[in-house]
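Q: Let me see the structure of the following:
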Amino acid sequence: MGQAGGRGKPIFATTAYEVDARGELRAVLPARCVYASPTDTCSVYVDHRRSRKTGPRYPVAVVGCTEHPVGRHTLYPPGHVPYGREAVVSCSASGPLLRAGDTGDRGWATTLFSAAVDAAGGARWPSDSPADDSRRRRTQGRRLELAGRLMGVHPELDEGTRERVATRLGVGTMTLASGARSWSRSWSQRGAAVLTVLMALALDGALLDQILASGVIVGVWTDVRRWDLARGTWVVTRASRSSPTEHPTVVRPRGRSPPPTTLHGASGQKTI
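A: Sure thing, here's the model as predicted:
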């Protein structure tokens, strides 16, 4: 990955992927690169495409800009994250695809949170498994740790951080605090704590941004930049150090795009 703004921060940037004339998924290139100001003119290009055997399982674009030759960085598809073998939210390549059909399937069993879903049901992944199966016990343990942080139920999070995560996810702080208290009892309790929060989340167009923002708050990612094609701007998620009362409610979008109620930074990028 490149470094944002030359400050040594890894870039986590996402964009939609759409099918081209040859039937291949290609990144929708942003009109401006991540280093640009709103008045800059950019020329973003694909340096190369990086194959992925896990994660999206199709090549992802590594891009640069001729006007801002600072470095190259990957454009991740919606729902996928750096070094992630599984998506954090079940999405289509072009945007969120939230599953809530007649079966009640909320899509978590096909994501990073499958480790928690299985653990909550009493299923521990095997100590060894075939090479093409990533469900190993150590992997389940690592994913439970990450899921616990993203959902704000990991006991190592301080109460201020937990409150900010609860606010961003739109879930009661007591729900997260209760999960943290039961965390150390067993793997099944850890999975149940994560699953309780997952089941409380609203399945709408804000979900992906909420979970990514939670990851920023707990320090999993430095910040997240998502290219919003409809608005022609980067939507930037950063960990605000302000009181969580600045965001007392979660504003839901009407369509696929994220909510427009965001703060504008000095660069003109939208920060959520």
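Q: Poorly predicted segments of the stretch 151-272 of the chain, please.
A: 239-272 (pLDDT under 70).
Q: Where does the residue nearest the centre of the chain sit: helix, strand or coil?
A: With distances taken as CA atoms, centre = their mean, the residue of the chain nearest its centroid is Leu212 (3.5 Å). The assignment at Leu212 comes out as helix when based on DSSP: H, G, I helix; E, B strand; the rest coil.
Q: Next one: it from Arg190, what distance?
A: Distance from Leu212 to Arg190, counting by CB to CB, to the nearest Å: 22 Å. Placement of C-beta: from N, CA and C, glycine included.
Q: so what's the residue nearest to the centre of the chain closest to, chain neighbours aside?
A: Leaving aside its chain neighbours, Leu212 sits nearest to Val224 (4.7 Å; criterion: CB to CB, 6 or more residues apart in numbering).
Q: what sits against the one you found?
A: Phe12, Ala13, Thr14, Leu212, Ala213, Gly215, Val216, Val236, Thr237 (CB atoms under 8 Å, 6 or more residues apart in numbering).
Q: could you redo the last one with a cut-off of 7 Å?
A: Applying CB atoms under 7 Å, 6 or more residues apart in numbering to Val224 gives the contacts Phe12, Leu212, Val216, Thr237.
Q: and the next element down the chain from the strand or helix carrying it?
A: Element membership for Val224 (DSSP states H and E) is strand 223-228. Downstream of strand 223-228, the first helix or strand assigned by DSSP H and E is strand 233-238.
Q: Distance to Thr39 added to the contacts of Val224, as a markdown table?
A: Listed next are the contacts of Val224 as a markdown table, based on distance: CB to CB, whole Å:
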| residue | distance to Thr39 |
| --- | --- |
| Phe12 | 24 |
| Leu212 | 27 |
| Val216 | 27 |
| Thr237 | 23 |
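Q: If we only consider the residues you listed, which is nearest to Pro96?
A: Nearest to Pro96 among these, counting by CB to CB, is Leu212 at 11.8 Å.
Q: Closest one to Arg164 out of the contacts of Val224, please.
A: Relative to Arg164, the closest of the contacts of Val224 is Val216; by CB to CB it sits at 10.1 Å.
Q: now the angle from the one helix or strand that closest one maps to to strand 223-228?
A: Assigned by DSSP H and E, Val216 belongs to helix 207-217. Interaxial angle of helix 207-217 relative to strand 223-228 (axes from the mean of the first three to the mean of the last three CA atoms, to 10 degrees): 160 degrees.
Q: any idea of the angle helix 207-217 forms with strand 233-238?
A: 40 degrees.
Q: quick one: contacts of helix 207-217?
A: Contacts of helix 207-217 (CB under 7 Å, 6+ apart): 78-79, 88-89, 91, 96, 98, 150, 152, 161, 164-165, 168-170, 201, 221, 223-224, 237-239, 258, 272.
Q: hmm, back to that, what's the separation between the residue nearest to the centre of the chain and Pro126?
A: Leu212 is 31 Å from Pro126, by CB to CB.
Q: Ala21 now?
A: For Ala21, the distance to Pro126 equals 44 Å [CB to CB].
Q: With neighbour numbers in mind, choose between these two.
A: More crowded of Ala21 and Pro126, by other CB atoms under 10 Å: Pro126, with 11 against 6.
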